[in-house]
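> pasting the structure only:
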């Protein structure tokens, strides 16, 4: 008997527990009072219509039989991709004696068709409140804003049931609902518009900045990034439903594919931006070819949704576009990360900046894609992972662009320095070869021809004692011969001195020029004056090059100027040596395009010394001014 009582009590408890569980799953009505907004947590339930032919009356009957599943209406509910219709239900009970005007908000963009029915329990009537959606004209919306906003009126103490039919086939099913007084809901919308205006300002500035940068510097990275910003902004606006309100009111099915097309093209453009920013080439990256052709594939696939508009709605094609758009987004983010890390490992320091810039987009974009596909339900960022990640990327990457240009500027300066060093070495080798050849010629002339002329001179002077036996005319010829031999010896000495100034290392630049001018004042028709203010002893190689320049200009004065007076000035300042060669000759024309070897040698040596020169010439004379910086003395020794 006691055992029977025990089993009876146990059975009663189980029944009570089961009954309580059933009541817990029942949909409770939202009690409407004087509050501004109402929480819908635990007050919304759904039913999946996979047959696609359920009528509102049939769905309402299922609701009465308890076949709806409660959901959390205050959070985003993500079921991933869907081929079904979903019906949502909310019970409302007005506790006030007067009527109440409410707004029911469905801030979920990209709903193909949305139908709202209201069932009045007082008279058991079911009527269609509104039928709207992205595939219908914007003018059919019950309230002309970006979200789906429905005015609802409840009479005093009225109890109603709101029944939604949601068509999001071919897309991800993410839904959220809000309920409140008209003023409160509209006030929340003002805040939302303010937030999106802030983000729109960031994106507009970034777009304008990159367009100007492309037009001013012609760098392709700014063109690709401008297009990327445009596609991404369109994607963001469509994600929150603003493309329907701001851009395209009545394009119907076009809205089904805006997000997919912009998402695919954004990934392709971002990959190309990554390649240009990280300087990824076939020479420094094993992944370059794969990344390049993968971007081309994305460009091609980005046009597929537009071709889909030419055909009737096919759920299989829409399903393929949905999964491809989301999977390629994950793959593209992975490709960008892997390629950037590869460049960082290869020593490209700017890769850290790019990785930092895209990191928020990678986190937010991955979270968004997984949520869209129904893998996760939580959002890491508000209002949206793509929006926040994209905004952070634009801000950080704009700063990274400045670092990139500083890096490229330093790299260009380093390359120029190395190139100048190579050119300097090449010129130095040429001048050294010239000096070696001058040494050889000077030695040959001095040792061979000079010795021969000396012997001839000695032998010729042996006839001095026989001059008395010569006839007068023979004596004149003899004296002329001696004079020619002496002149040949002087010319040979001058040529040897010109090729390799004697005692240059001991006398230095000033002493060698003085010796040269002293000789010329004895043998030439030009009277030279040498003025100098030069106390330092520079690098012998540099001073020898300076002497070659001065000597070439002196030779030009002697040979071509027809001058009687000439002045050579060497004046040092704190930073440079100023050389002036001035004569009162006849001048010369066409020196700008002159092909003379002398001026070419002068120009080459001045360029080698890092200096500059000017020529002022007319029929009254010529003045050549040369400025040679002293720091080249130090450079030449390095």
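Cool, the structure landed. Model, not experiment: these values are computed from the prediction.

> pop out the phi and psi values for the nearest residue to residue 527 once chain neighbours are set aside.
Leaving aside its sequence neighbours, residue 527 sits nearest to residue 565 (Cβ to Cβ, 6 or more residues apart in numbering; 5.5 Å). Glycine gets a C-beta too; all of them are placed from N, C-alpha and C. Main-chain torsions, residue 565, degrees, to the nearest 10: phi -130, psi 140.

> now residue 48
phi -90, psi 120.

> residue contacts, the nearest residue to it once chain neighbours are set aside?
Nearest non-adjacent residue to residue 48, counting by Cβ to Cβ, 6+ apart: residue 84, 5.0 Å away. Shown in contact with residue 84 (Cβ atoms under 8 Å, 6 or more residues apart in numbering): 48-50, 52, 169.

> just the buried residues out of the residues you listed, in ChimeraX syntax.
A single ChimeraX command selects the buried members of these (16 or more other Cβ atoms under 10 Å):
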select :49,169
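
> most widely separated two among the contacts of residue 84?
48 and 169 (11.7 Å; Cβ to Cβ).

> who touches both of these two?
84-85.

> mean confidence score for stretch 42-56?
What stretch 42-56 shows for mean pLDDT is 91.

> likewise stretch 115-134?
91.

> in that stretch, what counts as buried?
115-119, 129-130, 132-134.

> circling back to that earlier point, could the contacts of residue 84 go into TSV alongside secondary structure and distance to residue 271?
Below are the contacts of residue 84 laid out as TSV (DSSP: H, G, I helix; E, B strand; the rest coil; distance: Cβ to Cβ, whole Å):
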residue	secondary structure	distance to residue 271
48	strand	38
49	strand	41
50	coil	38
52	coil	39
169	coil	31
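
> adding distance to residue 388, write the contacts of residue 84 out as JSON lines.
Formatted as JSON lines, the contacts of residue 84 follow (distance: Cβ to Cβ, whole Å):
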{"residue": "48", "distance to residue 388": "31"}
{"residue": "49", "distance to residue 388": "35"}
{"residue": "50", "distance to residue 388": "35"}
{"residue": "52", "distance to residue 388": "36"}
{"residue": "169", "distance to residue 388": "29"}
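
> sketch out the low-pLDDT regions of the stretch 451-600 of the chain for me.
Counting by pLDDT under 70, the stretch 451-600 of the chain has low-confidence residues at 451-471, 474-475, 490-503, 505, 590-598.

> walking through it, point out its strands one by one.
527-533, 565-572, 576-583 (DSSP state E, counting those that start in this stretch).

> for those strands, which one sits closest to residue 271?
strand 576-583 (52.1 Å).

> may I have the strands that pair with the closest one, each with its orientation?
Sheet pairing of strand 576-583 (DSSP bridges) gives strand 565-572 (antiparallel), strand 621-629 (antiparallel).

> and the ones you listed: which comes nearest residue 351?
strand 621-629 (39.0 Å).

> and that closest one, how far out from the chain middle?
Remark: strand 621-629 is offset 46 Å from the chain centroid, using Cα atoms, centre = their mean, to the nearest Å.

> ditto for stretch 87-103
That offset, for stretch 87-103, works out to 55 Å (Cα atoms, centre = their mean).

> quick check: mean pLDDT of it?
Rounded mean pLDDT across stretch 87-103 is 93.

> can you mark which positions in that stretch are buried?
87-94, 100, 102-103.

> distance of residue 289 relative to residue 355?
Using Cβ to Cβ, to the nearest Å, residue 289 is found at 22 Å from residue 355.

> so if I had to pick from the two, which one is more boxed in?
residue 355 (19 against 10; other Cβ atoms under 10 Å).

> so that one makes contact with residue 339?
No - using Cβ atoms under 8 Å, residue 355 is not in contact with residue 339, being 10.2 Å away.

> and residue 166, how many residues sit next to it?
For residue 166, using other Cβ under 10 Å, the count is 25.

> wasn't it part of a strand?
Yes - assessed with DSSP: H, G, I helix; E, B strand; the rest coil, residue 166 lies in a strand.

> grab the nearest non-local neighbour of it.
residue 86 (4.6 Å).

> which stretch of helix or strand covers the one you found?
Using DSSP states H and E, residue 86 sits in strand 85-94.

> so what's the residue count around residue 514?
For residue 514, using other Cβ under 10 Å, the count is 15.

> tell me who's in contact with it.
Counted by Cβ under 8 Å, 6+ apart, residue 514 has contacts 507, 530.

> same question for the one 10 residues further on.
Residues in contact with residue 524, defined by Cβ under 8 Å, 6+ apart, are residue 558.

> dump the strands paired with strand 576-583 to TSV, plus mean neighbour count and distance to residue 152.
Shown next, in TSV, are the strands paired with strand 576-583 (neighbours: other Cβ atoms under 10 Å; distance: least, Cβ to Cβ, whole Å):
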stretch	mean neighbour count	distance to residue 152
strand 565-572	18	94
strand 621-629	19	85
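
> wait, which of the ones you listed is closest to residue 547?
The nearest among the strands paired with strand 576-583, by Cβ to Cβ, is strand 565-572 at 10.5 Å.

> contact partners of the closest one?
Counting by Cβ under 8 Å, 6+ apart, 509-510, 513, 517, 526-536, 550, 554, 557, 577-584, 630 sit against strand 565-572.

> cutoff 7 Å now
513, 517, 526-534, 536, 550, 557, 577-584 (Cβ atoms under 7 Å, 6 or more residues apart in numbering).

> measure how it sits relative to strand 527-533, angle-wise.
10 degrees (axes from the mean of the first three to the mean of the last three Cα atoms, to 10 degrees).

> follow-up on the earlier one: wait, which of the contacts of residue 84 is closest to residue 485?
Nearest member of the contacts of residue 84 to residue 485, counting by Cβ to Cβ, is residue 169, at 115.0 Å.

> doesn't residue 83 make contact with that closest one?
Yes - Residue 169 lies in contact with residue 83 (Cβ atoms under 7 Å); the separation is 5.6 Å.

> now for these two: what residues contact both?
residue 315.

> and the closest residue to residue 49 other than its chain neighbours, what does it touch?
Spatially, and ignoring its direct neighbours in sequence, residue 49 is nearest to residue 85 (4.2 Å; Cβ to Cβ, 6+ apart). Residues in contact with residue 85, defined by Cβ under 7 Å, 6+ apart, are 49, 52, 165-167.

> partner residues bridging residue 85?
residue 49, residue 167.

> distance of it from residue 166?
Relative to residue 166, and taking Cβ to Cβ, residue 85 is found at 7 Å.

> same thing with residue 394?
33 Å.

> now do residue 272
For residue 272 relative to residue 166 (Cβ to Cβ), the value is 38 Å.

> likewise for residue 87?
For residue 87 relative to residue 166 (Cβ to Cβ), the value is 7 Å.

> repeat for residue 45
13 Å.

> kindly report the same for residue 200.
For residue 200 relative to residue 166 (Cβ to Cβ), the value is 28 Å.

> likewise for residue 397?
From residue 397 to residue 166 the distance is 38 Å (Cβ to Cβ).

> what do you get for residue 288?
46 Å.

> just residue 573 next, same as before
Distance from residue 573 to residue 166, by Cβ to Cβ: 85 Å.

> returning to what we had before: any idea of the pLDDT on the residue nearest to residue 48?
92.

> now residue 323
Value listed for residue 323 in the pLDDT field: 90.

> can you report how many residues lie near it?
Neighbour number of residue 323 under other Cβ under 10 Å is 12.

> host element of it?
Counting by DSSP H and E, residue 323 is part of helix 315-345.

> tell me which helix or strand comes right after that helix.
helix 350-372.

> just how off-centre is that following helix within its chain?
17 Å.

> quick one: average confidence on that helix?
88.

> so which elements touch it?
If contacts are counted by 3 or more Cβ pairs under 7 Å, 6 or more residues apart in numbering; DSSP states H and E, helix 350-372 sits against helix 315-345, helix 385-444.
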